[in-house]
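S.K.: A structural model of the following input is requested.
(one chain, ligands or ions: 1)
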Amino acid sequence: MADRLFHPIAAGAPRPLRFEFDGAEITARPHDTVLAAVLAAQASCGASEFDGGARAGFCLMGSCQECTMWDEAGHRLRGCMTEAKDGLRLRSRPFDGAV
Ligand code: FES
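M.R.: You can find the predicted model right below:
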């Protein structure tokens, strides 16, 4: 499996934003979606609750839910529709462990 899924065209450009996803520090450019930033850093954005297979988004336009993430407040987010911001703390599963 690849070490990451997305390879930004402007790979040398600064990535000044930092947020946390499943405990890992992720860097992003302004206006990146959190899904794009996560997949530029690693090969998946979580595991399927059905078979444990890697999830990495599918539609990239807010329809499929394959990029579902949770914030600390318990909000369920679509990673492909959420802009990266400094200091976000996100998980591929709810913070309290419930699904
Ligand atoms: S990738 Fe389909 S909703 Fe985000």
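S.K.: Checking residue 20 next. Helix, strand or coil?
M.R.: strand (DSSP: H, G, I helix; E, B strand; the rest coil).
S.K.: cool, residue 40 as well?
M.R.: Per three-state DSSP, residue 40 ends up helix.
S.K.: Distance check, residue 59 against the ligand.
M.R.: 4 Å (C-beta to the nearest ligand atom, to the nearest Å). No exception for glycine: its C-beta is placed from N, CA and C like everyone else's.
S.K.: The protein against the ligand: which residues are in contact?
M.R.: 57-60, 62-67, 78-80 (C-beta under 6 Å from any ligand atom).
S.K.: what's next to stretch 90-97, contact-wise?
M.R.: If you take C-beta atoms under 8 Å, 6 or more residues apart in numbering as the criterion, stretch 90-97 is touched by 19-22, 34, 45-47, 55, 68-72, 74, 76-77, 79, 99.
S.K.: Dump the C-alpha coordinates for stretch 90-97 into CSV.
M.R.: Provided in CSV are the C-alpha atoms of stretch 90-97 (Å, rounded to 0.1, in the frame of the first residue of the first chain):
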residue,chain,number,x,y,z
LEU,A,90,-10.3,15.1,14.6
ARG,A,91,-10.8,11.3,14.8
SER,A,92,-11.8,8.6,12.4
ARG,A,93,-14.1,7.4,15.2
PRO,A,94,-16.1,9.4,17.8
PHE,A,95,-14.0,10.6,20.7
ASP,A,96,-16.1,8.7,23.2
GLY,A,97,-15.8,5.4,21.2
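S.K.: Pull out the buried positions in it.
M.R.: Of all the residues in stretch 90-97, those buried under the rule 16 or more other C-beta atoms under 10 Å are 90, 91, 92.
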